[in-house]
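Visitor: mind looking at a prediction? Sequence and model below.
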Amino acid sequence: MKRFAVSAAALGFAFWLISALLNLPATLIDLRPLLAEAIPKSGVAHPVTAVLLNTRGYDTLLEIAVLLVALIGVLIAVPPGNPALSERPATADDAMVPALARLVAPLAVFFAIYVLWAGAHRPGGAFQAAAILAAALVLLHLAGLTAAWSAPTLRLRIGLIAGFLIFLAIAAAPLLGGMLLQYPPALVGTLILVIESGLTISLALVLAGLFLLLADRGGVR
Amino acid sequence: MIEHLTHLALPLLILLPLTSAALAFALGPGRGASLVIASSALQLLLALLLAATIGSAGPSHHAAGGWGAPLGIDLVADGLAAAMLLLTQGVALALFVFARGYFHQDSQDADHWAPAGRYFWPLASFLVAGMNALYLSEDIFNLYVTLELVGLAAVGLVASGGGATQTAAALRYLFAAILGSGAYLLGVALLYGSYGSVSIAALTPAIAASAPAVTTVALVAALLMVTGLLIKSALFPFHFWLPPAHGGSPAPVSALLSALVVKASIYLVLRLWLGPLQPLLAPFAWLPAILGASAILWGSWQAIRAERLKLLVAYSTVAQLGYLFIALPLAAASTTGVAPVAIVTLQAVAHGLAKAAMFAAAGIILHATGRDRVSDVAGIAERLPLTLFTFALAGVSLMGLPPSGGFLAKWLLIDLALAQGQWWLVAVIIAGGLLAAVYIFRVLRQAFLNLPEAEIEAEHQKARVVPRSAEWAAFALAASSILLGIFGGVPLLQLVGGSV
Amino acid sequence: MTTGLLFALTGVVLFAAGAAALLLVDHLLRRVLAFNIMGSGACLVLVGLAQRNGVPDPVPQAMVLTGIVVAVAATGLALALIRRLHAQTGATTLPRDGADND
Amino acid sequence: MTFNELLPLLVLCSSLLPGLAIFILPERQHRLRTGLNLFGAVAKIVLVSMLLVGVQAGESYGFRHAVAPGLELVFKADALGLLFITLSTVLWLFTTLYAIGYLEDAPHRSRFFGFFSLCVTATIGIAMAGNLFTFFVFYELLTLATFPLVAHRGTPDAKQGATVYLAYTLAGGAALLTGIVWLESLTHHTGFTHGGFVAGLLPGNESTLVAIFVLLIAGVGVKAAIVPLHGWLPKAMVAPAPVSALLHAVAVVKAGAFGVVRIVYEVFGIDTAQALGLLTPLAAIAAFTIIWGSVFALFQDKLKKRLAYSTISQVSYIVLGTALFGPIGTIGGLVHLVHQGVMKSTLFFAAGNYAETLGIHKVSEMNGVGRRMPATTIAFSLAALGMMGAPLTAGAISKAWLGDGASAAGMGWAVWVLTASSLLNAAYFLPILWRAWFRPPPSSWPEEHIARRGLLETHGLLLAPPLLTAALALVFGLLPEDVASPLTWARMIAEREYGLVTP
Amino acid sequence: MTSALAFDLLLAALLLLSAWQAMRTPHLGRALLAFVVFGLLMALAWARLDAPDIALAEAAVGAGLSGVLLFDAWRAIRNKPDSGKNAGDEA
């Protein structure tokens, strides 16, 4: 009964919306010209990065907070000393995996730096770079080269929030004379690069943490 | 100097809790209480300053990044936002003082293997940051991010209880929150696709002037956004996730969630419904009102039946939230006298203060007795008089009895309903008050029962003492909910009434 | 029909299917899949609809990047809680409605 | 803030602040608590005397505080309010003395006296309320503050009594609230006005006004224990004796009766009420209640229950007086407000003394108690005779005025009701007096707590209050025309405030 | 019909198919696999929408990280011996 009602509602909704969308005229407001004007002042040449870190940088600031909250939520779900969830990492049977990981990890770091740097001009940026680094960390763990995290140490905690704090500081600094996140024009490019570098490291740790905090080596591989 | 501070109040209300949250996390599990409390006190001052400024000089604006809408994101605080900010900072500060005592007690308890306070401070601080950002944002996509920040932080706090029921409750809450924000996000996508902007300031005139071909899509968008928010607001029948989440969490968490978090999404419903979406949603105003009325009756009934004390308080939240929606159709018709939105805000503030106090008091009682049935509160009048008094004062406000803030709000609501001839609303409001009396006095009369001597002795043996600071923090909240009715009505109604 | 509009319509269907599945499916992991699909649908609508005239629009693209990060955060948290629930009770579904109330 | 604004506030605070302070006091701070109590009670008497002098000289006292735009708490001290204020204030002092003796060494005294003071504050607030909103605020506050007192003993009986009490009073409060807001939405005016303020609505709104009248009277009728809204009163007798004495003989039921007076005279106006045909039904209900209460009192063996039913009957004398069209009945009702309060607290004090000293709770246990406790029994007898309306008692004066009022208003049947009630009163009081004085005492009392010490048949603080109130009742009966008597004051109210010409 | 539109239609159909599989296929492992495929197809769709940034992020996160997290979670809750109450895989 419920199944039928929900399915019918979903189907009806989809049809209603699709039929309405097919006749949707063009919008009156278009942000593209506005954005094009703003790009030269934004400190980066790539429009998506300009939006992410400059015009709508405030969104990104809160988005990092969301990620940190999720990480803390994961930490709550993995209480310290719970034997079921934090066992010693098993070493991989196959020697190929660690060797591969040893090779890939530095490459990943190199690639991440490129993606980060490229973000100013073309597709790429902090988040993508962080995802690559996180993938490398997960790979190292799967290869048995790094342990799963049980509870983050002080150093790790600082690493996890450093990028966020740098971002906060740079966002707050302009308040002395202007608006939140209103970068001084002379420094805008540099500041965005600083923010992105910090975010790359912290986000990589956070993303990896989502996996490494939970990594459970107890079962059969 | 003051002028400059006011200019800074908007961003600082967001940056301060974000910073203290991050630092509290860095300090490590269970630490950071002083930091968060200090920051919270500072935020309260800023909110007061903001409210004072808005009262005299009108809404306050801040363009993040200096771009201004529609390209950038604007922060705006009007009277309504200022009132909610004030409520949030005030309740949060009192609850943080309460939580410090509460968790301090917890951590000395050796057999409590998962101290719920381990990550309370960063999460709670992130939560407050999210709510502040939500109240100030003027950008519907940015609002989505703030909704997620609030939602995930709240889920994390619910999970911090540690037990299997809490984990299940957290998951149920998470799925409801994600469904809600998903619907909201699709609504945002459709509005952006229809109008090319996510700024409320740009959308409001655009929607009002839009052609029929656009309004169908916009209507779907509006319904999606509102439905998503109603799920998050736990409006009947979307309340299913609330009782386990609010009733099963550690007391400071329950208090934060019930007093503040649900208000955030309700605020957004009101803001959007009475703002940009008004032309689209006007014909549907009776729907939330009927759901709100059902919530009052159903939630009260469940609270009357609840066996567990905190579940009773949680169902009371389901019921009380209904009051915030029944005024929606009344708000559309223009009336002389007090603005309907101001009355709803008064009710929200009164409920926030009272419910925070009640959950805190319930937490202290559970702590002291070690049991959580309503029948177990017998003898509390003797052992915890201050806490019982707190519970009773909070109850007075929830029942809408004078001279509380809840009473004032209820009076004005009835007045408003009568002025528009909505007799059925009057009946629901009166019935809701009487039902509330039934479930609240269920607890109070039980608390006055004498225990046999032997049992008193046994209770004292296992009693865990809650610090006085926690008891007094809870009392301060309850007392404020009463004083609100005597001294808070005029300034609050003027602050909000002038803005919307 | 432009690419943008086509994918926007696809997004609508994905959203509806994901939302329905979120309501109907019991297994917790599948609910995670469902809300991810639902979110992807919303993101497709956001970008696709904005680009229905064929010109890229960086603003919704940046928003979707934010949305993806939020989705990952929610996924990570959900999976952690699911694993915790499983470790505590052995269950992979939530108790029936209301069963965890009392 | 001028002195004339400050004085009513001070009268309120003289019980509110000591009450709040007592809550915080630790249980063992016995002397400090007693000191605070007495200080508050005496201070209130002094302040109220100042009000009395001022009002008699034509000064007006009052202040207002806005709680929301267009919604004000209004306090005023007019002659009618002062009648009630003075009664409550004097009886508060006596009852406090009594309670200090009664509760010696009992647990939870801080809680008891705290809520006790809050009750008095609420009663004073009701008396001083200048509009329906303020009246409602304090009316509900009174409900809230009495609940812990009814539940005070913490027994399952007390719990049940408190529950019944709440069910009645909160439902009544809901009716009152609806009526008030409804009325306000029509008139945009809730200030009590001599002669009423609804006359302007008259052509066209008759049925609405009747509905509002029913709601309002039902709301206050619960506290006034008008049949069929009286069910809570006998149950609430589980409360300690001082509570019964002050609250259930005076504050709560009188608050209801006082509300009826305000509503009939200062909301609707006696002429409008008469024009709407509301007074005769009200008088009929009051008459029915008078007989009903008396009949039920006959069959109660528990002394406090008999007194409770007697209260139900007697309070409706006030309602009856109010419902009689004309000045004489009004004066009779108002004067009975005071007389009944003084006499009924004497009876409850005495009943408490019997229970506390000898463990006597039932009429059937009272054989010969007059010999063991002569002073208490004399007080009891005086008050009981007054209740019957025996000549030269305060009760006789009330009944005479009420009877004359009924005749003057052309409601001859009401005279018969009064006569029947007097006979019934005699039927349930005289056997008690006969038992107490003329039957031999038993070999041992049910549970003797307090032994006789010389002249003192019981604790001194228990003995003094009933003697004082009985003396007061005697004085009111013997010197009805004296300057300071309730009768003089009631005539002044009728003349000055309602413009009624009195004989 | 241009070849671009044909490709887009095919891609949309595949997206819907993989999403359907992820939600409806009885075997949970296959469902997870379908979800990873869905992520990769999404990346392709983003590329078709001239959104290479999203495509990159989707590939790295939607398919990569989420996939790893999901499979790890699946393994964790599948391998527990006490999963007697496991009523899940029927969906």
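Guide: Here it is on my side, so go on.
Visitor: just the element for B:His61, please.
Guide: strand B:60-64 (DSSP states H and E).
Visitor: note down every partner strand of that strand and its orientation.
Guide: strand B:73-77 (antiparallel) (DSSP bridges).
Visitor: picking up where we left off before, so how far is the strand holding B:His61 from its chain's centroid?
Guide: Relative to its parent chain, strand B:60-64 has a centroid offset of 25 Å by CA atoms, centre = their mean, to the nearest Å.
Visitor: and that strand, which residues are buried?
Guide: Residues of strand B:60-64 classed as buried: B:60-64 (neighbour count, 16 or more other CB atoms under 10 Å in any protein chain shown). Backbone N, C-alpha and C define where each C-beta goes, glycine included.
Visitor: for the residues you listed, which one is nearest D:Leu202?
Guide: B:Ser60 (51.2 Å; CB to CB).
Visitor: name whatever forms a beta bridge with the closest one.
Guide: According to DSSP bridges, beta-bridge pairing links B:Ser60 with B:Ala77.
Visitor: same deal with the one 4 residues further on?
Guide: Taking DSSP bridges, one obtains B:Ile73 as the residues bridged to B:Ala64.
Visitor: so A:Ala120: helix, strand or coil?
Guide: coil (DSSP: H, G, I helix; E, B strand; the rest coil).
Visitor: likewise the one 10 residues further on?
Guide: Recorded secondary structure, A:Ala130: helix (three-state DSSP).
Visitor: measure it to chain E for me?
Guide: Noted for A:Ala130: a distance of 9 Å to chain E, by CB to the nearest CB, to the nearest Å.
Visitor: by mean pLDDT, point me to the weakest helix or strand of chain B.
Guide: The weakest-scoring helix or strand in chain B, judged by mean pLDDT, DSSP states H and E, is helix B:453-462 (a mean of 66).
Visitor: neighbours of residue 36, how many?
Guide: Since you didn't name a chain, this refers to chain A. 12 (other CB atoms under 10 Å in any protein chain shown).
Visitor: think we crossed wires, I meant chain D
Guide: 19.
Visitor: thought it was touching D:Ile24?
Guide: No. D:Leu36 lies out of contact with D:Ile24 (CB atoms under 8 Å); the separation is 10.6 Å.
Visitor: picking that back up, averaged pLDDT, the strand holding B:His61. What do you get?
Guide: Here strand B:60-64 scores 92 as its mean pLDDT.
Visitor: and for that strand, what's in contact with it?
Guide: If you take CB atoms under 8 Å, 6 or more residues apart in numbering or on different chains as the criterion, strand B:60-64 is touched by A:57-58, A:179-181, B:6-7, B:9-11, B:50, B:53-54, B:69, B:72-77, B:136.
Visitor: do stretch A:174-194 as well
Guide: Contacts of stretch A:174-194 (CB under 8 Å, 6+ apart): A:41-44, A:49, A:53-54, A:57-58, A:61, A:120, A:166, A:170-172, B:8, B:11-12, B:15, B:62-66, B:75.
Visitor: pLDDT on it, on average?
Guide: Stretch A:174-194 comes out at a mean pLDDT of 91.
Visitor: pull out the buried positions in it.
Guide: A:174-175, A:179-183, A:188, A:191-194.
Visitor: only alpha carbons, please: show it as PDB.
Guide: C-alpha atoms of stretch A:174-194 as PDB (Å, rounded to 0.1, in the frame of the first residue of the first chain):
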ATOM      1  CA  PRO A 174      38.900  42.300   6.200                       C
ATOM      2  CA  LEU A 175      36.300  43.000   8.900                       C
ATOM      3  CA  LEU A 176      38.600  45.600  10.300                       C
ATOM      4  CA  GLY A 177      37.800  47.900   7.500                       C
ATOM      5  CA  GLY A 178      35.200  46.200   5.200                       C
ATOM      6  CA  MET A 179      33.100  43.100   4.700                       C
ATOM      7  CA  LEU A 180      33.500  39.500   5.500                       C
ATOM      8  CA  LEU A 181      35.800  37.800   2.900                       C
ATOM      9  CA  GLN A 182      36.400  41.000   1.100                       C
ATOM     10  CA  TYR A 183      40.000  40.300   0.100                       C
ATOM     11  CA  PRO A 184      42.300  43.300  -0.400                       C
ATOM     12  CA  PRO A 185      42.700  43.600  -4.200                       C
ATOM     13  CA  ALA A 186      46.400  43.500  -4.100                       C
ATOM     14  CA  LEU A 187      46.600  40.200  -2.300                       C
ATOM     15  CA  VAL A 188      43.500  38.500  -3.600                       C
ATOM     16  CA  GLY A 189      45.300  35.900  -5.700                       C
ATOM     17  CA  THR A 190      47.800  35.000  -3.000                       C
ATOM     18  CA  LEU A 191      45.200  34.800  -0.300                       C
ATOM     19  CA  ILE A 192      43.100  32.500  -2.300                       C
ATOM     20  CA  LEU A 193      46.100  30.300  -3.000                       C
ATOM     21  CA  VAL A 194      46.900  30.200   0.700                       C
END
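Visitor: just how off-centre is that stretch within its chain?
Guide: 22 Å.
Visitor: likewise for stretch B:90-98?
Guide: That offset, for stretch B:90-98, works out to 13 Å (CA atoms, centre = their mean).
Visitor: kindly report the same for stretch D:67-80.
Guide: 22 Å.
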